[in-house]
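J.: Sharing a model prediction with you, sequence too.
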Amino acid sequence: MVTRVGFLGTGWIARFHAGMLRSAGEPFEPGPVYDVDPARSEAFAADFGYRVVDSEAAVLDGCDAVYVTTWTSEHGRLVAAAAAAGRHVFCEKPLAVDADGARAMAAAVEEAGVVAQVGLVLRRSPAFGLARSLLSDERAGRVMAVVFRDDQFIPVRGYYGSTWRADRTKAGAGTLLEHSIHDLDLLEHLLGPAASVACRTSTFHELHGIDDVAAVTLGFTSGATASLTSVWHDVDERGSLRRVEILCERAFIVVEGDWSGPVRWQYAGDGEESVLEGDDLVVETKRRGVRLGNPDGSFLRAIRDGKPAWPSLRDAVRAHELADACYASAALDGVPVAV
C-alpha cells in the first residue's frame, strides 16, 4: 500500500520536506494540505502536486501520514489529533514550547501506536556522522572540550518568512529553542549525557521573549565541556551556518557545514590533517556504517515496514529538557542548572 502524505502547514520547512520526499526514492502519494494562509497552500500544492482542502480535519481524513509543519505552539494539538485519528506523524522541531509539551506529544503517539518522527534531521548528517565515528576511535582519547558556533539571519524575514517567530506565544522563545534545539541534541549525540548547563541570553532585536543570542556552557558526565553560541543576526547573506571544533586528548576534529562538510581531523602522530567533503564524505560515512540518509525517506520506510522511526518524538524530549534548563539558568543570570 502506498502511503498518502498530507501537510498541516505549508511554509518554508514544509517545502523542504516536500522536496526531500520527492528525492527519497520511496513510493508515496501526495495528498491533502491545509494552511491558515490559502495563497500559501495553493502555491505549495501547485509546486509539489498536492491538493488543497479547507480544514485540518480534511487533511487527517485524506491521508495515512501527516507532516506537522506549523508554528511551534500548534504542534501539540495537531500531533494529538493525528495520533487520535491513527495517522503516522512527522513533526518539525522544536516539538513544543517546553519539555512538558514534548513529553505529552511523545506519550500521545506512543499510546496510539503510530509511527512518529521528529525533524532533528542533523542526526542523519554525513558531516556529523563522520565526526561521531572519528570520536569513537580509541586513538582520539577522551573529548576534552567543544567549541560550537551556530548563526543565521533572523528568520522573521527572507526566504524563511517566519513572522510568527517574533511572537513568543507562537514560537515559545528564540534562537536557542527554535534553531539550536538541533545543537543541544547533537552535543549529547556526540558526547553523551550532559550533567549541567549555564546560559545567558540577549534580545538585540527587542522582540519580547525572543532571544537572538544564547551563550551556553555544558558540562558532561564524561568530564568534557562544551560552549555553544547561537545567534540570530542581520547578515542575510550568511544563511544558516555551523562550525564545531572538537578537542580530544589525542585528536582535533572540525565540522564546517551542516551536511556535506568539510570535516577536518588529525590524530596525534598522523602528520598532515585529513579533509573530506561532499560525495567523498558520504562514501566514507557509508564505509564506516554510519546511520544517515534522507530523513523523509526513512520516515516512509518506517511506515512501510511497521518499525519505529528515528529519531522519535521521545528522543527529542531530552533536547527540550536541556533547553528548559538553559532558559532557567538564563533567568538566574547564568547560574548553572543540573540536567
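T.: Yep, it's here.

J.: Let me see the mean pLDDT of whichever strand or helix holds residue 304.
T.: Secondary structure here is read from DSSP states H and E; on that basis residue 304 sits in helix 295-305. Averaging the model's pLDDT scores along helix 295-305 yields 97.

J.: State the next helix or strand along the chain beyond it.
T.: Under the assignment DSSP H and E, the closest C-terminal helix or strand after helix 295-305 is helix 313-331.

J.: How far off centre is that next one?
T.: Relative to the chain's own centre, helix 313-331 is displaced by 14 Å; criterion: Cα atoms, centre = their mean, to the nearest Å.

J.: ok so, going back, got the buried residues for the helix holding residue 304?
T.: When burial is assessed from 16 or more other Cβ atoms under 10 Å, helix 295-305 yields the following buried residues: 295, 296, 297, 298, 299, 300, 301, 302, 303. C-beta here means a position set from N, CA and C on the backbone, and glycine is covered the same way.

J.: now the second one: how far from residue 322?
T.: Using Cβ to Cβ, to the nearest Å, we find residue 296 at a distance of 26 Å from residue 322.

J.: Same question for the first one.
T.: Here residue 295 is placed at a distance of 21 Å from residue 322 (Cβ to Cβ).

J.: Same question for residue 245.
T.: Using Cβ to Cβ, which is the criterion applied here, residue 245 is 20 Å from residue 322.

J.: Looking at those two, which is more packed in?
T.: Neighbours around residue 245 and residue 322, counted as other Cβ atoms under 10 Å, are more numerous at residue 322. The numbers are 25 against 16.

J.: Residue 334: neighbour count?
T.: Taking other Cβ under 10 Å as the definition, residue 334 ends up with a neighbour count of 16.

J.: Name all residues that make contact with it.
T.: Counting by Cβ atoms under 8 Å, 6 or more residues apart in numbering, residue 334 touches 198, 199, 200.

J.: Confirm that the second one sits in a strand.
T.: Yes: Residue 199: assigned to a strand according to DSSP: H, G, I helix; E, B strand; the rest coil.

J.: Might you report the residue contacts of it?
T.: Remark: with contacts taken as Cβ under 8 Å, 6+ apart, residue 199 is in contact with 176, 214, 215, 216, 217, 325, 326, 327, 329, 330, 334.

J.: need the helices for this protein, in chain order.
T.: Per DSSP state H, the chain carries helices over the ranges 12-23, 38-48, 56-61, 75-84, 99-112, 126-136, 168-171, 175-178, 181-191, 278-287, 295-305, 313-331.

J.: what sits up against the fifth one?
T.: Put plainly, it is helix 99-112. Around helix 99-112, the neighbours that count as contacts under Cβ under 8 Å, 6+ apart are 75-76, 79-80, 83-84, 86, 89, 91, 94-96, 116, 312-314, 316-317, 320-321, 323-324.

J.: Many thanks, have a good one.
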